[in-house]
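In: Structure for the following, please:
(one chain, ligands or ions: 6)
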Amino acid sequence: MELAAARTRARAAIALLLALAVASAFLCGAAQARHHHAKHTKRNSARAPGPAGASRHGGRPVSPPAPPPSSAPGAPAPAPGSGAAAVYDVVKDFGAVGDGVADDTDAIKTAWDVACQDDGDGVVLAAAGYSFLVHTTTFTGPCQGSVTIQLDGTIVAPSDPDKWPANNKRNWLVFYQTHGVALRGAGLIDGKGQKWWELPCKAHKGQGGSSGHGGSCDSPVALRFFNSNNVTVQGLKVQNSPEFHFRFDGCRGVQVRGLSISSPAQSPNTDGIHVENTSDVLIADTAVSNGDDCVSIGAGAMNLHIENVTCGPGGHGISIGSLGKQGTRACVANVTVRNAVIRQSDNGVRIKTWQGGSGSVSAVAFENVRMDAVRNPIIIDQYYCLSKSCDNATTAVFVSGVSYAGIRGTYDARSPPIHFGCSDAVPCTNITLADVELLPASSGDTVGDPFCWNVYGSAATPTVPPVSCLNDGVPRNFADGSSSLKCY
Ligand SMILES: *[C@@H]1O[C@H](CO)[C@@H](O)[C@H](O)[C@H]1NC(C)=O
Ligand SMILES: *[C@@H]1O[C@H](CO)[C@@H](O)[C@H](O)[C@H]1NC(C)=O
Ligand SMILES: *[C@@H]1O[C@H](CO)[C@@H](O)[C@H](O)[C@H]1NC(C)=O
Ligand SMILES: *[C@@H]1O[C@H](CO)[C@@H](O)[C@H](O)[C@H]1NC(C)=O
Ligand SMILES: *[C@@H]1O[C@H](CO)[C@@H](O)[C@H](O)[C@H]1NC(C)=O
Ligand SMILES: *[C@@H]1O[C@H](CO)[C@@H](O)[C@H](O)[C@H]1NC(C)=O
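Out: Numbering: from 1, shown residues only. Ligands and ions are numbered 1, 2, ... in the order given. This is a model prediction of the structure:
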């Protein structure tokens, strides 16, 4: 880490000199490139050295000076070959075939392992024009330096569930302890989920199938980042995951930007981005169209900022929960969703908890969300239950401090546009609304009355439809209770 910082400082200083004197720029650049070239020559000598290796680095000494390193989120990766980063090309250096048929798992895994040993900036390049068939794989860190996977080609999963190891059907591509990793490019990651969705054990829409969470029904998450800090995912298209497209779990510092995620509206459990036990997350400029939650936020998620995200058509909207299943404790705090568009989805912005849990959801802001024919645009459901018989319990995850501001558009009039179903035992408190305007999508439908159960809060401006069912103030004998119920 300190070494990396030193390198960064050194490079910044170099860049400054470059700006002042072109001659010294050339010398420094050449020295950098020679350094990396030497490393490559050594490494590649054990593999297939050849013209590819030479041409790969040949351009470097005369390439323009590297821009000063930027810590700005979302700064574009240095183009492979143009900066100081060493490039590990999975085709040219590691023998990947890239025809979509040959198994390229080992080539890509080896490229990762070698790049991960590089104490500088390593770029694993999966170039455009190739399709890499990759079986379930774990990319493990921590790495010596920082690694970027530049994916401009396509990565595809095996399409037949039978091709997966019997004991390892829950993840496809896993990043474990990969601190500082960046996965970016203009490429495609295709989970080939079709045959998984068709498994008889899956819940199918309109058929009331079994839960879809049964052990026999394990399906892989396409991309799982596990215990990894400072992770960036940018620019890619990810489609047809057998299950969740992304899952971030046990991470600190996640930047997701410019993704396009898609799978059919009928595909079960294909959440776009799932976050749990993870803090400091930015999800920006991303479009999700799928069969389940657009973004789902689980227990232990904190400090999430979601901006410029488009959900639908199809799917279940942006969801906090479900939380508190089987009496578990769940804490979610400080979530902002800003400038979102949600189209033809079952829900807009939702908080859902089971009866009988504990913990809290607090400091949640939904700001400027446009709804287009959404079934439940604004919903808190503390009676979430997959069967018909879930008993009311005496505890619940406490929901408090949720604001809805600038929520406009249309809803599918089969259910009320605003639904606050809070627990009997634990009310929702400090729920605020401002600039909410929701009209039926079909002009013939009458405006549905908001539903409230045991909810406290207020509307700062008149809303459409008017919300007259919120209780004022704080519940009696609860002012003290609330702070002890909150996680933080
Ligand atoms: C993330 O990176 C920043 C800057 O490189 C560093 O200061 C910070 O400690 C890292 N955070 C974590 C959780 O590793
Ligand atoms: C949450 O993640 C941290 C690592 O960031 C891990 O140590 C901890 O065990 C995780 N907790 C749960 C409940 O998964
Ligand atoms: C809330 O989360 C944002 C990041 O989304 C962070 O910048 C901010 O500091 C957090 N606020 C608190 C009070 O922790
Ligand atoms: C959201 O989009 C607006 C308009 O394009 C842009 O100015 C803003 O920076 C974006 N937000 C984020 C967090 O990228
Ligand atoms: C639980 O409570 C809600 C709200 O009071 C009520 O509508 C529902 O019927 C109750 N369910 C059971 C199983 O008692
Ligand atoms: C109510 O919630 C808002 C966030 O929506 C928060 O800023 C405020 O402090 C809360 N008020 C109380 C009394 O807890």
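In: hang on, residue 230 is in a strand, isn't it?
Out: Yes. Using DSSP: H, G, I helix; E, B strand; the rest coil, the assignment for residue 230 is a strand.
In: Let the chain start at 49 from now.
Out: Will do, 49 is the new start, and the previous item becomes residue 278.
In: mind checking how far it is from ligand 4?
Out: 17 Å (C-beta to the nearest ligand atom, to the nearest Å). All C-beta spots, glycine's among them, are computed from the backbone N, C-alpha and C.
In: what do you get for residue 223?
Out: 23 Å.
In: Helices along the stretch 349-498 of the chain, start to end?
Out: Shown for the stretch 349-498 of the chain, no helices are assigned by DSSP state H, counting those that start in this stretch.
In: which parts of it sit against ligand 5?
Out: Residues of the stretch 349-498 of the chain lying close to ligand 5 (C-beta under 6 Å from any ligand atom) are 439-440, 472.
In: Return the member of those residues nearest to ligand 3.
Out: Using C-beta to the nearest ligand atom, residue 472 is the member of those that sits closest to ligand 3, with 30.6 Å.
In: hang on, isn't that closest one packed against residue 502?
Out: Yes. When contacts are counted by C-beta atoms under 8 Å, residue 472 is listed as touching residue 502 (6.2 Å).
In: and the residue in the stretch 99-248 of the chain that ligand 5 sits nearest to, what helix or strand is that in?
Out: In the stretch 99-248 of the chain, the residue found nearest to ligand 5 is residue 248; the distance is 30.5 Å by C-beta to the nearest ligand atom. Counting by DSSP states H and E, no helix or strand carries residue 248.
In: do you know how far it is from residue 205?
Out: Residue 248 sits 21 Å away from residue 205, going by C-beta to C-beta, to the nearest Å.
In: Which of the two has more residues huddled nearby?
Out: In this view residue 248 and residue 205 are compared by other C-beta atoms under 10 Å, and residue 205 has more residues nearby, 24 against 9.
In: what sits against the more buried one?
Out: 181-183, 220, 238-240, 268, 270, 290 (C-beta atoms under 8 Å, 6 or more residues apart in numbering).
In: Tell me which entries of those lie within strands.
Out: 181, 220, 238, 270 (DSSP state E).
In: could I get the residues you listed as TSV with neighbour count?
Out: As requested, those are arranged in TSV below (neighbours: other C-beta atoms under 10 Å):
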residue	neighbour count
181	22
220	27
238	19
270	27
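In: Quick check: the farthest pair among those residues?
Out: The span of the ones in strands among the contacts of residue 205, defined through C-beta to C-beta, is set by 181 and 270 at 14.4 Å.
In: partners of the closest residue to ligand 6 within the stretch 149-298 of the chain in the sheet?
Out: Nearest residue of the stretch 149-298 of the chain to ligand 6, counting by C-beta to the nearest ligand atom: residue 296, 24.5 Å away. Taking DSSP bridges as the rule, residue 296 bridges to residue 273, residue 323.
In: Spit out the contact partners of the residue in the stretch 349-498 of the chain positioned nearest to ligand 1.
Out: Distances between the stretch 349-498 of the chain and ligand 1 by C-beta to the nearest ligand atom are smallest at residue 351, namely 12.0 Å. Residue 351 is in contact with 327-329, 381-382, counting by C-beta under 8 Å, 6+ apart.
In: Make sure residue 486 is actually in contact with residue 460.
Out: No. Shown here, residue 486 and residue 460 do not form a contact pair, counting by C-beta under 8 Å, at 10.7 Å.
In: Name the residue in these two with the higher neighbour count.
Out: The neighbour comparison of residue 486 against residue 460 (other C-beta under 10 Å) goes to residue 486, with 24 against 20.
In: how far away is the more buried one from residue 297?
Out: Spatial separation of residue 486 from residue 297 under the definition C-beta to C-beta is 34 Å.
In: can you map out the strands along the stretch 349-498 of the chain?
Out: Ranges of strands within the stretch 349-498 of the chain are 349-359, 366-371, 377-391, 395-401, 406-422, 424-429, 446-459, 466-469, 476-488, based on DSSP state E, counting those that start in this stretch.
In: what about residue 532, is that helix, strand or coil?
Out: Going by three-state DSSP: residue 532 is helix.
In: Can you report how many residues lie near it?
Out: 7.
In: Got the confidence number for it?
Out: With respect to pLDDT, residue 532 scores 82.
In: do residue 340 as well
Out: pLDDT, read off for residue 340, is 97.
In: Within the helices and strands, which one has it?
Out: In the assignment (DSSP H and E), residue 340 maps to no helix and no strand.
In: And for it, the neighbour number?
Out: So residue 340, with other C-beta under 10 Å, has 25 neighbours.
In: Relative to ligand 1, how far out is the closest residue to it other than its chain neighbours?
Out: Nearest residue to residue 340, sequence neighbours excluded (C-beta to C-beta, 6 or more residues apart in numbering): residue 319, at 4.7 Å. Distance check for residue 319 against ligand 1: by C-beta to the nearest ligand atom, it reads 24 Å.
In: How much space separates the residue of the stretch 349-498 of the chain closest to ligand 1 from residue 401?
Out: Distance from residue 351 to residue 401, by C-beta to C-beta: 20 Å.
In: hmm, back to that, of residue 472 and residue 502, who's got more company?
Out: Neighbour tally, residue 472 and residue 502, criterion other C-beta under 10 Å: the higher count belongs to residue 502, 18 against 14.
In: so who does the more buried one touch?
Out: Applying C-beta under 8 Å, 6+ apart, we find residue 502 in contact with 470-472, 475-476, 519.
In: Between these, which sits nearest residue 132?
Out: residue 476 (52.9 Å).
In: count of neighbours near that closest one?
Out: With other C-beta under 10 Å as criterion, residue 476 counts 29.
In: Over to residue 467?
Out: 20.
In: and residue 343, how many neighbours?
Out: With other C-beta under 10 Å as criterion, residue 343 counts 28.
In: From ligand 4, how far off is it?
Out: 14 Å.
In: Give me the nearest residue to the most centrally placed residue in the chain, chain neighbours excluded.
Out: Nearest to the mean C-alpha position of the chain, by C-alpha atoms, centre = their mean, lies residue 321 at 3.6 Å. In space, and not counting its chain neighbours, residue 321 is closest to residue 294: 4.5 Å by C-beta to C-beta, 6+ apart.
In: so what's the one you found up against?
Out: Residue 294 is in contact with 269-273, 281, 286, 304, 309, 320-322, counting by C-beta under 8 Å, 6+ apart.
In: for these, which one is nearest residue 423?
Out: Taking C-beta to C-beta as the measure, residue 423 lies nearest residue 320 of the contacts of residue 294, at 17.7 Å.
In: these two touch, right, the closest one and residue 309?
Out: Yes. With contact defined as C-beta under 8 Å, residue 320 counts as touching residue 309 (4.6 Å).
In: Common neighbours of the two, please.
Out: With C-beta under 8 Å, 6+ apart, residue 320 and residue 309 have common neighbours 293-294, 334, 336, 338.
In: For the residues you listed, please prepare a markdown table with the additional fields distance to ligand 5.
Out: Listed next are those as a markdown table, based on distance: C-beta to the nearest ligand atom, whole Å:
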| residue | distance to ligand 5 |
| --- | --- |
| 293 | 34 |
| 294 | 34 |
| 334 | 36 |
| 336 | 32 |
| 338 | 31 |
